[in-house]
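> This is a predicted model, with the sequence first.
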Amino acid sequence: TPSTGGRDVAWDDLVSGVEPYRDRPPTDPETPYMIIYTSGTTGRPKGIKVPLTGTSLGTPAPLFMLLQALYFTPGAEMGYLSPAPLYHAAPLRYNVNFLRTGSTCVIMEKFEPEHFLQLVEKHRITHCQMVPTMFIRLLKLPEDVRKKYDTSSLKVVIHAAAPFPMKKKKKMIA
């Protein structure tokens with residue numbers, strides 16, 4: 001049951017408003033599909049309107065269809081953990097696409113390595129997308145802290161945004 005505005009809303013009630021539009025793509029060219037924000041590394045963050053594609057609501061993105069074919073088991077119970085803010089492109093898009101599959105999405109307000117492990121265990125998370133800095137912070141946790149959580153449900157971790165040394169990647173996999 002998602003929480004909106006401090007109150008719980010049943011999924012069916014949340015999406016019922018979309019049904020009349022499911023097979024009709026929006027036609028207003030000024031309506032963005034989503035707004036993502038730059039990181040602000042060259043100045044202030046900027047909002048970027050991602051244009052509508054002209055496809056019906058609920059049409060999966062081609063990249064997500066490829067990732068689904070490679071890494072996701074159709075029909076499996078999936079849980080996606082988003083450890084990064086939704087104003088970045090990848091976390092927002094991953095969440096949107098996992099929601100389209102009917103998956104559970106858990107969104108962290110702020111990345112804290114031990115809390116990440118707690119959420120993986122509590123929600124039986126199967127998938128997530130992270131940046132190498134998050135891996136480093138997880139590896140810096142004391143070994144006894146890392147091992148006290150059951151992360152066996154985690155099947156796929158996609159990393160992006162920066163290169164990650166193979167030696168440290170092998171430690172993360174282990």
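Yep, it's here.
> who touches residue 95 in this structure?
Contact criterion C-beta atoms under 8 Å, 6 or more residues apart in numbering gives 80, 82, 86, 105, 107 as the residues in contact with residue 95. Using the backbone N, CA and C atoms, a C-beta is placed for each residue, glycine as well.
> where along this protein do the strands fall?
Listed in chain order, the strands of the chain (DSSP state E) span residues 3-4, 7-8, 32-37, 47-51, 79-82, 104-107, 127-130, 156-159.
> Which one, of the ones you listed, ends up nearest to residue 70?
Taking C-beta to C-beta as the criterion, residue 70 comes closest to strand 156-159 out of those, the separation being 9.0 Å.
> Can you tell me what sits against the closest one?
Under the criterion C-beta under 8 Å, 6+ apart, residues 67, 71-72, 126-132, 135, 172 lie in contact with strand 156-159.
> Using ChimeraX, define a selection of the buried residues within these.
One line in ChimeraX is enough to select the buried ones among the contacts of strand 156-159; burial here means 16 or more other C-beta atoms under 10 Å:
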select :67,72,126,127,128,129,130,131,132,135,172
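> Make a markdown table out of the contacts of strand 156-159 and add pLDDT and distance to residue 95.
Putting the contacts of strand 156-159 into a markdown table (pLDDT from 0 to 100; distance: C-beta to C-beta, whole Å) gives the following:
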| residue | pLDDT | distance to residue 95 |
| --- | --- | --- |
| 67 | 73 | 13 |
| 71 | 73 | 16 |
| 72 | 72 | 14 |
| 126 | 90 | 14 |
| 127 | 90 | 11 |
| 128 | 91 | 11 |
| 129 | 89 | 10 |
| 130 | 89 | 14 |
| 131 | 87 | 16 |
| 132 | 88 | 20 |
| 135 | 90 | 20 |
| 172 | 80 | 22 |
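> Cheers, nothing more for now.
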